[in-house]
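Engineer: I need the structure of the sequence given here:
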Amino acid sequence: MRKLFAKLHLWLSLPLGIIISIICLSGAALVFERDITQAVQRSLYTVVPPSEDAQPLSPSQLATHIQAQVSDSLHLSSLLLSANPHETAFASFRETGRKQLSVNPYTGEVLGWTQSYPFFQTMRKLHRWLLDPPASKGEKSVGKIIVGITTLVMVFILISGLIIWIPRTRKALKNRLSVSCTKGWRRFWYDSHVAIGFYSTLFLLVMALTGLTWSFGWYRTAAYSLFGETPSSTQVRHIDKGKDRSRKDEVKITWKDANASAPQSLKGWFYAFHTGSWGGITTKILYFLAALFGGILPLSGYYLWWKRTRRREKSQIRRD
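Structural biologist: Next up, the predicted model:
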């Protein structure tokens, strides 16, 4: 059985290892995107309350102020509100994609559009679509399908690797949890592959299993149903359009916890566990390291496979 899983681990990894490295390394680059963006664009993410007991405007009041300051061609789709009195609110529009409008929650004043830097945009396209994004949201593309299939196969690679890792003796356990730096390069890379693979497996499995909800509709439906929800279930309220009060639009109101780490919807939880934001800076660092190691593991695996193949070829030549 162990040999079967070893072959499964090898032959699944060989054709997809490079893609796994790209997905993991680009994912590692995205872990601190929000932190870096907020630090650079601080004025769009923080606000000073007018007084200690000041209360933010209601969602309907915010919507009215926002619609009065933006073009009539923009249709408000959601508001992200924070329980932290020092954080701004954010408005999303159907026509602007991921781009959001920062708003002072106490006055309704529009502060400016958030920006996503080219580096992170490229990393996101690599991570989700291998630089082949769908023509529109919800549609498929070759890159999206490849990423989804690779992530699904990655789950089996990780599980098979964990089964192969299980030691038979206590001495073997000690060896598999440490990395030797004095017994040559091959031993170093072997120990690194085995030990780092073990330490990273749990985090990589969580990332893969949650990431699949963005790749396959059937998987998303099944995952949500386990928690008694459907992907389409959202917290929706009717809010006046402002200039035209005879019309009503459905605007999603999302409440962000004061510690900015506790999402208030199942989709938010999946996102938090996929990116590591659920536990603040500590889990983000752990996720960054796990994703970084996840990108290195296939490369060290290729090296070990190449060395083993060369050794067998040399042995065959000597016998001949």
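
Engineer: okay, CA-based contacts and neighbour counts for the rest of this
Structural biologist: Fine.

Engineer: gap between residue 201 and residue 42?
Structural biologist: The gap separating residue 201 from residue 42 is 35 Å, by CA to CA, to the nearest Å.

Engineer: meant to ask about residue 75
Structural biologist: 26 Å.

Engineer: related to what we said a few turns ago, okay, residue 201 and residue 42: which has more neighbours?
Structural biologist: More crowded of residue 201 and residue 42, by other CA atoms under 10 Å: residue 201, with 21 against 11.

Engineer: you'd agree the more buried one is up against residue 158?
Structural biologist: Yes: counting by CA atoms under 8 Å, residue 158 is a contact partner of residue 201 at 6.3 Å.

Engineer: what stretches of the protein score poorly on pLDDT?
Structural biologist: Applying pLDDT under 70 to the chain picks out residues 230-252, 254-264, 320.

Engineer: what residues are up against residue 180?
Structural biologist: With contact set as CA atoms under 8 Å, 6 or more residues apart in numbering, residue 180 has these partners: 187, 188, 191.

Engineer: Pull the contacting residues for the second one.
Structural biologist: Residues in contact with residue 188 (CA under 8 Å, 6+ apart) are 179, 180, 181, 182.

Engineer: Also residue 108?
Structural biologist: Counted by CA under 8 Å, 6+ apart, residue 108 has contacts 57, 61, 62, 65, 66.

Engineer: The one helix or strand residue 287 maps to: which residues count as buried?
Structural biologist: Using DSSP states H and E, residue 287 falls within helix 281-319. Within helix 281-319, the residues scored as buried using 16 or more other CA atoms under 10 Å are 283-285, 287-302, 304.

Engineer: If you count contacts, what does it end up packed against?
Structural biologist: helix 2-30, helix 185-211 (3 or more CA pairs under 8 Å, 6 or more residues apart in numbering; DSSP states H and E).

Engineer: What sits closest to the spatially most central residue of the chain if chain neighbours are left out?
Structural biologist: Central residue of the chain (CA atoms, centre = their mean): residue 275, 3.9 Å from the mean position. The shortest distance from residue 275 to any non-neighbouring residue, by CA to CA, 6 or more residues apart in numbering, is to residue 31 (6.1 Å).

Engineer: What is the burial count for the one you found?
Structural biologist: So residue 31, with other CA under 10 Å, has 20 neighbours.

Engineer: And for residue 85?
Structural biologist: 19.

Engineer: what about the residue lying closest to it once chain neighbours are set aside, distance to residue 76?
Structural biologist: Nearest residue to residue 85, sequence neighbours excluded (CA to CA, 6+ apart): residue 49, at 6.7 Å. Look at residue 49 and residue 76: by CA to CA, they are 25 Å apart.

Engineer: likewise residue 145?
Structural biologist: Residue 145 is 31 Å from residue 76, by CA to CA.

Engineer: So the two - more neighbours on which side?
Structural biologist: Applying other CA under 10 Å to residue 145 and residue 76 shows that residue 76 carries more neighbours, namely 23 against 17.

Engineer: Please name the residues that touch that one.
Structural biologist: Per CA under 8 Å, 6+ apart, neighbours of residue 76: 63, 67, 91, 92, 93, 94, 251.

Engineer: now do residue 164
Structural biologist: 2, 5, 6.

Engineer: just the buried members of these?
Structural biologist: Members of these classed as buried by 16+ other CA under 10 Å are 5, 6.

Engineer: got the contacts of residue 164 as CSV, with distance to residue 219 columns?
Structural biologist: Shown next, in CSV, are the contacts of residue 164 (distance: CA to CA, whole Å):
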residue, distance to residue 219
2, 29
5, 25
6, 27
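
Engineer: Pick out whichever of the contacts of residue 164 sits closest to residue 168.
Structural biologist: Closest to residue 168 out of the contacts of residue 164 is residue 2 (11.5 Å), distances taken as CA to CA.

Engineer: Tell me if residue 101 really is in a strand.
Structural biologist: Yes: counting by DSSP: H, G, I helix; E, B strand; the rest coil, residue 101 is found in a strand.

Engineer: separation between it and residue 109?
Structural biologist: Taken as CA to CA, the span from residue 101 to residue 109 is 10 Å.
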